[in-house]
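**Q** from the sequence below, what's the structure:
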Amino acid sequence: MAAPREAPERPLFGRRFLTDPARLFQHNAWDNVEWSEEQEASARSRVQENSSQLLPPDKQEDYEVNAKKYWDDFYKIHENGFFKDRHWLFTEFPELAPNRNASQNGDCVREFSNQEQSNHEGLGSCENGHCSLETRAENQLNLTKTTPEICAEEPAAQERDELNHSDGGYPGSSAAYRILEVGCGAGNTVFPILQTNNDPGLFVYCCDFSTTAVDLVQNNAEFDSSRCFAFVHDLCDDQSPFPMPDESLDVVILVFVLSAILPEKMQRVVNRLSRLLRPGGVVLLRDYGRYDLAQLRFKKGQCLSDNFYVRGDGTRVYFFTQDELHELFTTAGLQKIQNLVDRRLQVNRGKQMTMYRVWIQCKYRKPAAPQL
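**A** Now for the predicted structure:
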């Protein structure tokens, strides 16, 4: 097993403000960029235009029924080369870092205001609607799209047997701190956690809708089955079992995942994940916000429903508002710790190009059990 690496020290983010337009191309990114009324109106107009023609019902049904195939195809093509590892996680979400303590998972979690935004990324590229947020020529921190837990056929009987924990024993049952990443993709979140957090009581679960993605995780040289359990899972299937019981997880991670689920099924998904959290456990989310560049780039004929689109490769994406996410989590019985919009102006100095990104970052906690 590779020796655990020390958590890198990273500066506080969200403090690079563009006060002088003449300095626009001096940095790769600017934080907390306020949109003018004209810019907001332009974005709203572009969304109205690209959503004016919805795909017919038979096409929409195809993308839902064959969702697993589209994500398997994505990972067969890109394997683990499309996204970079998310080392920014430990700055944004200290619950994942070494030496975390109870206060980091409770009322004292570091709050962000709209003036304290997250990390700086380089100007990314968009391929078939997937906007990766890094430039491959630059070693920038990045936020990237993961494979979602969309709905598929039920897992095979053998898999169900492997996930059966009715005998009381289950993977990670002896761990003191348990994390689940939903939509793990090729492991760009899981492996930084395992490399950085050397807590002997830590156990990480990771699941994905794509069998190909889970295979990539399990076949990675850094995969350690004594600290991690990777499994294929359809989050939308209520009959698809989890390997852990209810109220056993400290953290659930949703990074660019919920947006890929059919909007009508999102509440049920959040409800299921909420049941897995122990009292005091938290959901950590980062996802696409309304009027993000990726939404504005869609063409007419790619819209499935309001703010829900299909990419050129058949995968789908939704663009949230803060209120929508708040409603999903609070309906599931969770309490808000953080819900902020991260508006970022990314700059490609070489091409003299600008990109306006909009993300939402949330932390919601399951209420602690009442004192008797």
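**Q** low-confidence ranges, the protein, go.
**A** For the chain, the stretches flagged by pLDDT under 70 are 1-33, 71, 74-88, 98-168, 346-354, 371-372.
**Q** do that again at 50, thanks
**A** 1-13, 81-84, 101-128, 132-167 (pLDDT under 50).
**Q** which stretches in the stretch 101-250 of the chain count as strands?
**A** Along the stretch 101-250 of the chain, counting by DSSP state E, counting those that start in this stretch, strands occupy 125-127, 130-132, 177-182, 202-208, 228-232, 249-255.
**Q** CSV please, covering these and showing mean neighbour count and distance to residue 46.
**A** For glycine as for every other residue, the C-beta is placed from the backbone atoms N, C-alpha and C. Putting these into CSV (neighbours: other CB atoms under 10 Å; distance: least, CB to CB, whole Å) gives the following:
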stretch, mean neighbour count, distance to residue 46
strand 125-127, 13, 15
strand 130-132, 20, 15
strand 177-182, 25, 31
strand 202-208, 26, 32
strand 228-232, 23, 37
strand 249-255, 24, 26
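**Q** looking at those, which is closest to residue 95?
**A** Among the strands of the stretch 101-250 of the chain, strand 249-255 comes nearest to residue 95, with 5.3 Å by CB to CB.
**Q** what's the angle from the closest one to strand 202-208?
**A** Strand 249-255 runs at 40 degrees relative to strand 202-208, counting by axes from the mean of the first three to the mean of the last three CA atoms, to 10 degrees.
**Q** remind me what strand 249-255 packs against, helices and strands.
**A** strand 177-182, helix 266-276, strand 277-288 (3 or more CB pairs under 8 Å, 6 or more residues apart in numbering; DSSP states H and E).
**Q** give the contact list for the closest residue in space to residue 278 that isn't next to it in sequence.
**A** Leaving aside its sequence neighbours, residue 278 sits nearest to residue 247 (CB to CB, 6 or more residues apart in numbering; 4.8 Å). Listed by CB atoms under 8 Å, 6 or more residues apart in numbering, the contact partners of residue 247 are 275, 276, 277, 278, 279.
**Q** which among the residues you listed count as buried?
**A** Buried residues within those, counting neighbours by 16 or more other CB atoms under 10 Å: 276, 277, 278.
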